[in-house]
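> Fold the following.
(chains A and B)
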Amino acid sequence: MMHFMLLFSRQGKLRLQKWYVAHPDKVKKKITRELITTILARKPKMCSFLEWKELKIVYKRYASLYFCCAIEQNDNELLTLEIIHRYVELLDKYFGSVCELDIIFNFEKAYFILDELLLGGEIQETSKKNVLKAISAQDLLQEEETPQTFFEDHGLG
Amino acid sequence: MNSSSDTGFNPAFNIATIRQVFNEAVEKVRMPTPMRLRDLIRQIRAARTAAEERAVINKECADIRTSFRDEDNVWRCRNIAKLLYIHMLGYPAHFGQLECLKLIASPRFTDKRIGYLGAMLLLDERQDVHLLITNCLKNDLNSCTQFVVGLALCTLGAIASPEMARDLATEVERLMKSPNTYIRKKAALCAYRIVLKVPELMEIFLPATRSMLSEKNHGVLITGVTLITEMCERSIDTLQHFKKVVPNLVRILKNLILAGYSPEHDVSGVSDPFLQVKILRLLKILGKKDPEASETMNDVLAQVATTTETNKNVGNTILYETVLSIMDIKSESGLRVLAINILGRFLLNTDKNIRYVALNTLLKTIHLDMTAVQRHRTTIIECLRQDPDVSIRRRALELSIALINSHNVLTMTKELLAFLETSEPEFKAQCSSSIVLAAEKFAPNTRWHLDTLIKVLVAAGNYVRDDVVSSTIQLVSESGAQHGGYMASKLWVELEKDTSDKQPLIQVSTWTIGEFGDMLLQQSDEHAVTVNEEDILRVYHKLMWSPQNNIITKQYTLNSLMKLSTRIKVNVDKIHEMVASFTTHMHTDLQQRGIEYNQLFNRYDPMREGLLERMPAMESNRTQQSQWNETIENIPSPNDLLVTDVTNTETTSDSNALLVLLEGSNGDTELISNQNPSIMPTMTTDTQDLLDLLGGLDLNNQPMQPLNNLPSEISSTNGLIDTTNHIFDTLSLAEAPIVSTTKVKSPGTVTAYDQNNLLITLLVERDQMNIDSNTVNMTAYNSGTFTINEFLFQAAVPKTFQLQMLPPSSNVIEPGSSLTQLMRVSNVSKSQLRMRIRLSYTANGVSIQDQTEVNNFPTPPDTFGTSTLDLWSENQ
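Numbering: from 1, shown residues only, chains lettered A, B, ... in the order given. Now for the predicted structure:
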């Protein structure tokens, strides 16, 4: 089971955090800081895995963003790389060649997509098509109840 | 809103519109439109300093709080969205928790979507708002919109507490049977999380779980497999229950491999790797320790292992999981070799992640099939030697160390030494210690072992751990003269080079040369080096005064130099000179050594040769350790001893072996302890239980008498002695100087104890006036470097004697000084005096207890020697 997923920039700015195990806010912040520093300090020729406490950390850099997951000892770290890649593909499809700014300004969408891919730290859907279908259907629901002109002002904007 | 312009001129409509516009304008004046999320993000990003950013966020948070307080329903959604962004930047956002719940309760989907997102981010299972959210979730789990149910399930899966899990388990179970696959898969993972939190809820999910495997939808399949895996890991009964799905799983897996290209689930030519991995993992659990289940899955595992495409990460992901399954179940041996070979192939992969995984897995499976892993030794060594990734080299190092056995120790050590020379500093400590351990375990002969140790010391330099220094010295000592000269010359060669970054090497070298210096100087074909005394002293001079060498190294060097003074022939004076130069050294320890050794030259020169003789071969640490432990176990704790009542320890002689040593003609024992003057006067008991008595009088637990109180205590003691022991009344301490003139020294002193730098001698003096009375003068000399504290000396004599102890001169012995204590023994039966003594003291923070027996007192002499007046008064 995945314990958490963090997205952060090369400058060490957190862009997304998804926790599947309960920690007090303080602990989450400490873990985040620690991992961001550790991973940013690693050289590109190093492998994508590191052992950290009783967890395995799997990370991969896509352009300016680092995707970092913590998994348990029994979990398959190579598969976790595939999960990260799948998530990136989904973001890319949804935003149309995604960049860091898309995720900054539409972070809630990034969360929604992740929540259709993983649930409780496990994969729930292996078909890209199904994930995107679910997301666009929900976006549509939102649009229907909020007319576009109205949305601009009243919605999330 | 500015909509009046495009609504035409209908007056009625206009009035309504105007009223609405007016109302909204009033509303806006009352409370301005909150900033939009994207504007806030822009503002924050535009902030140039952290302080600026903080200012923007503080202002926005204040606005959001106000809006929350005003129960503003229109902007709540936007405010929470902003708050979530602020939260991600690390600012506190807990005040949004309840607002999230309000959003969830809203009928609008947008509100729910953001509300649940906020709940997942701001709440976790520790929060006490759970009762509220449980009700919201219950409502939404019954919603007819699948996406609302989906949001609720997703949130439940993320933040379920045990209480929530209990309250909502039945709802989830109902949804697991839903015909809607979107809901079923989410419900299955929710059930998985519930089982994780509250395993006993597993029962209710079992029937619904079983049917999930017959589903075609991959989402339902993979979540079902995940749920079953968790259940099987939680309970053995469930594991047994699901054994029967092995054929189903095998079939699903087979279909995945054999099915043609399906765009929906294809990942670079592999059909749904996510599902394949999950199934392989469940098979591993089901096949573990089960030959029948393993038999059923052997074929498909072999099939996966041989047919999976390996040029992409996906394929290797599946192969990796397959290997793990094969190694865990009761698979055929051929399959196992296949699995290890897959890992061997991984080692050659260009992808560093795959190499890393391979090394890690080999390390885990090495105990299962050592020989199969050994086959890939060269590849592993390759990784160790030249992999650019430091974490891979670390794994390779661990694996290489694990692979060492008696067959390959020579080659592996060679490789590891080569690695040690070139590796990063972080590896050197671990690597050097590992080589030392391996060499100890598998060394074919001592010479090779010694050579290896030297190579480690040279290659790892200052990174060598202390244990390597001590174990090397130990081995040199053990191997004795046979290899000593060889080692000395080998180490000499190294010592002549620049060694400032190899302190451990200097320490070992100087120790060895100190011990075996004479052999080094002897010309021998074997050593092939000619060394003269001047060379040695020149190097030593350099070592001792080089600022790069640390104090410990200099201590070793100085000791070694001192030992050399008896091993060389000509330049002894030069050594004396070098030692003397340390008498003013800045460092106190070196200075003390300098002074002591200098004294040895000046005042005790004849003793020098004997003192500095070659050390006897050291016993191995392990033996010493166990002996020491035994000693500790044998010493009863003071509390145990104190329980024994001194007056109540009659008889029970059979229990005490000590008695045998001490029994006099009538088998009674008299025992005296000294420390506490209030109970110090002669105490005669009938007890035969010496240990109990000693323990009973063990005064470690009683306050020590301060030193400056002693005179008064002594006089009071004397009074007591006078009244209780008439034999000694003429010998009371106050009169001692006079009395002592009549005492004579018996021929010779008895060494009662000489261990741990503590030398105790007993001097028996016959009292001329009373032929039956002896004075035993105990001198305890501290030859160590640490002060001895809390020194307690106790003695027992056979019952035929009477023993009285006077207070000691002190209970602290400084290094190089001594304390004295007088005992008076009356020997009515004129039999041979024997004494059992017990010591306890603290040195260097370690408290030591010991006991011994003194049997070699001189027989009662008929004639008496010289007067001991001087000694006597000195001891006062």
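> Quick one: mean pLDDT over stretch B:805-814.
The predicted model assigns stretch B:805-814 a mean pLDDT of 82.
> brain fart, stretch B:172-183
Mean predicted confidence for stretch B:172-183 is 95.
> Run the chain-centre distance for that stretch.
50 Å (CA atoms, centre = their mean, to the nearest Å).
> give me the element B:M519 is part of.
Per DSSP states H and E, B:M519 falls inside helix B:503-521.
> What is the subsequent helix or strand relative to that helix?
With DSSP H and E, the next secondary element past helix B:503-521 is helix B:533-545.
> the helices in chain A, which residues?
A:25-41, A:77-95, A:100-105, A:107-117, A:128-145, A:148-154 (DSSP state H).
> any idea of the angle the helix holding B:M519 forms with helix B:533-545?
Angle, helix B:503-521 to helix B:533-545, by axes from the mean of the first three to the mean of the last three CA atoms, to 10 degrees: 160 degrees.
> by contact count, what packs against helix B:503-521?
In terms of contacts (3 or more CB pairs under 8 Å, 6 or more residues apart in numbering or on different chains; DSSP states H and E), helix B:503-521 is packed against helix B:446-460, helix B:466-496, helix B:533-545, helix B:551-564. The C-beta positions use only the backbone N, C-alpha and C, and glycine is treated the same way.
> Any chance of these in CSV with distance to B:L196, mean neighbour count and mean pLDDT as columns?
Below are the helices and strands packed on helix B:503-521 laid out as CSV (distance: least, CB to CB, whole Å; neighbours: other CB atoms under 10 Å in any protein chain shown; pLDDT from 0 to 100):
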stretch, distance to B:L196, mean neighbour count, mean pLDDT
helix B:446-460, 47, 21, 91
helix B:466-496, 43, 19, 85
helix B:533-545, 63, 17, 88
helix B:551-564, 54, 22, 91
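> can you redo the ones you listed as JSON lines with distance to chain A?
Converted to JSON lines, the helices and strands packed on helix B:503-521 look like this (distance: least, CB to the nearest CB, whole Å):
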{"stretch": "helix B:446-460", "distance to chain A": "24"}
{"stretch": "helix B:466-496", "distance to chain A": "25"}
{"stretch": "helix B:533-545", "distance to chain A": "39"}
{"stretch": "helix B:551-564", "distance to chain A": "34"}
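> any idea how far the helix holding B:M519 is from the chain center?
That offset, for helix B:503-521, works out to 33 Å (CA atoms, centre = their mean).
> average pLDDT across that helix?
So the average pLDDT for helix B:503-521 ends up being 89.
> Next: stretch A:126-133.
95.
> how about low-confidence regions in chain A?
A:147-157 (pLDDT under 70).
> whoops, I mixed them up, chain B
Ranges of chain B meeting pLDDT under 70: B:1-14, B:24-32, B:125-127, B:523-528, B:620-748, B:767-772, B:828-830, B:859-876.
> still on that earlier bit, compute the inter-axis angle for the helix holding B:M519 and helix B:466-496.
60 degrees.
> What are the buried residues along helix B:503-521?
B:503-521 (16 or more other CB atoms under 10 Å in any protein chain shown).
> need the helices of chain A in CSV with distance to B:Y486 and mean neighbour count, can you?
What follows is the helices of chain A, written out as CSV (distance: least, CB to CB, whole Å; neighbours: other CB atoms under 10 Å in any protein chain shown):
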stretch, distance to B:Y486, mean neighbour count
helix A:25-41, 47, 15
helix A:77-95, 50, 20
helix A:100-105, 66, 16
helix A:107-117, 67, 21
helix A:128-145, 71, 16
helix A:148-154, 89, 12
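> would a markdown table of those with distance to chain B be doable?
Shown next, in a markdown table, are the helices of chain A (distance: least, CB to the nearest CB, whole Å):
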| stretch | distance to chain B |
| --- | --- |
| helix A:25-41 | 6 |
| helix A:77-95 | 4 |
| helix A:100-105 | 6 |
| helix A:107-117 | 5 |
| helix A:128-145 | 5 |
| helix A:148-154 | 7 |
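> For those, give me a markdown table that also has distance to B:L168.
Below are the helices of chain A laid out as a markdown table (distance: least, CB to CB, whole Å):
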| stretch | distance to B:L168 |
| --- | --- |
| helix A:25-41 | 25 |
| helix A:77-95 | 27 |
| helix A:100-105 | 32 |
| helix A:107-117 | 18 |
| helix A:128-145 | 22 |
| helix A:148-154 | 33 |
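> Now do B:A418 against chain A, distance only.
Distance, B:A418 to chain A, by CB to the nearest CB, to the nearest Å: 22 Å.
> Check B:T307 too.
18 Å.
> Please identify the helix or strand for the closest residue to that residue other than its chain neighbours.
Spatial nearest neighbour of B:T307, excluding adjacent residues (CB to CB, 6 or more residues apart in numbering or on different chains): B:I257 at 6.1 Å. Applying DSSP H and E as the criterion places B:I257 in helix B:246-258.
> I appreciate the help and will end here.
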